[in-house]
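Visitor: show me how the following folds:
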Amino acid sequence: PDPAALEAGMPAGPYPMMIVGVTDLLKTVSLNFGGCSLPAAPHIANQPELDGVDPDAAFEVRWDAWGAGAADDLILVEVEDIDDGVVYRSPFVGEPGALPGTATAATVPPGVLVDDTVYEIRVSFLDITVRDTASYPGALGVAGCMSTTSLEFTAGDGGGGGTDTTPPTLVATLPANLET
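Guide: Next up, the predicted model:
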């Protein structure tokens, strides 16, 4: 989608958020979204190295620098087992170790992958335009625009007893077809 279409679909203004709390039960707060620029889709720089990673060792995921990324933006990395869900997620905004918009790599710890298993990895650039700590005390509200690239890879030797020469497959990019 083009930026004008995105802005028309999500114009600047307040957006109600419904939160279910342990003691507050249902509470409605408003997050004032001010609009943003859609980041370019991330490019995973070491895509060929991911297929066949040793599931018992840490491995690094690298991407090209996000030109407009700033220290107060976020890069999120997730690895998902197609059958069992997310097995690794880098820290989110406000969590220790969150990846700033200037980061170009993340290390996935050893032991989260299983040999001969297909995974999807996602790298997302989040241009944060709103950080709200006042609307719901003790909680952080975040708004912005995000672009994501995902691809599949197989941990280990691929089950064939040798080097897997099948290249990784690009599953999706958001926005579609690298449009901005």
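
Visitor: can you get me a residue count around Gly94?
Guide: 12 (other C-beta atoms under 10 Å). Any C-beta I mention is one placed from the backbone N, CA and C, and that applies to glycine too.

Visitor: contacts only, for it.
Guide: Leu140, Val142 (C-beta atoms under 8 Å, 6 or more residues apart in numbering).

Visitor: shouldn't it be within a helix?
Guide: No - Gly94 is assigned coil when assessed by DSSP: H, G, I helix; E, B strand; the rest coil, not a helix.

Visitor: identify the bridge partners of Pro100.
Guide: For Pro100, the beta-bridge partners under DSSP bridges are Leu74.

Visitor: wait, Thr154 touches Glu120, no?
Guide: No - between Thr154 and Glu120 there is no contact under C-beta atoms under 8 Å: 11.0 Å.

Visitor: looking at these two, which is more packed in?
Guide: Thr154 (21 against 17).

Visitor: can you list the strands that the strand or helix carrying Ser30 pairs with?
Guide: Assigned by DSSP states H and E, Ser30 belongs to strand 25-33. Sheet pairing here is set by DSSP bridges, and for strand 25-33 it gives strand 13-21 (antiparallel).

Visitor: and the very next helix or strand once past the strand holding Ser30, what does it pack onto?
Guide: Sequence order places helix 47-50 as the next helix or strand after strand 25-33, per DSSP H and E. Applying 3 or more C-beta pairs under 8 Å, 6 or more residues apart in numbering; DSSP states H and E, we find helix 47-50 packed against strand 59-62, strand 141-154.

Visitor: and the closest residue to Val87 other than its chain neighbours, how many neighbours does it have?
Guide: Counting by C-beta to C-beta, 6 or more residues apart in numbering, Val87 lies nearest to Val112, which is 4.7 Å off, once chain neighbours are set aside. Counted with other C-beta under 10 Å, the neighbours of Val112 add up to 16.
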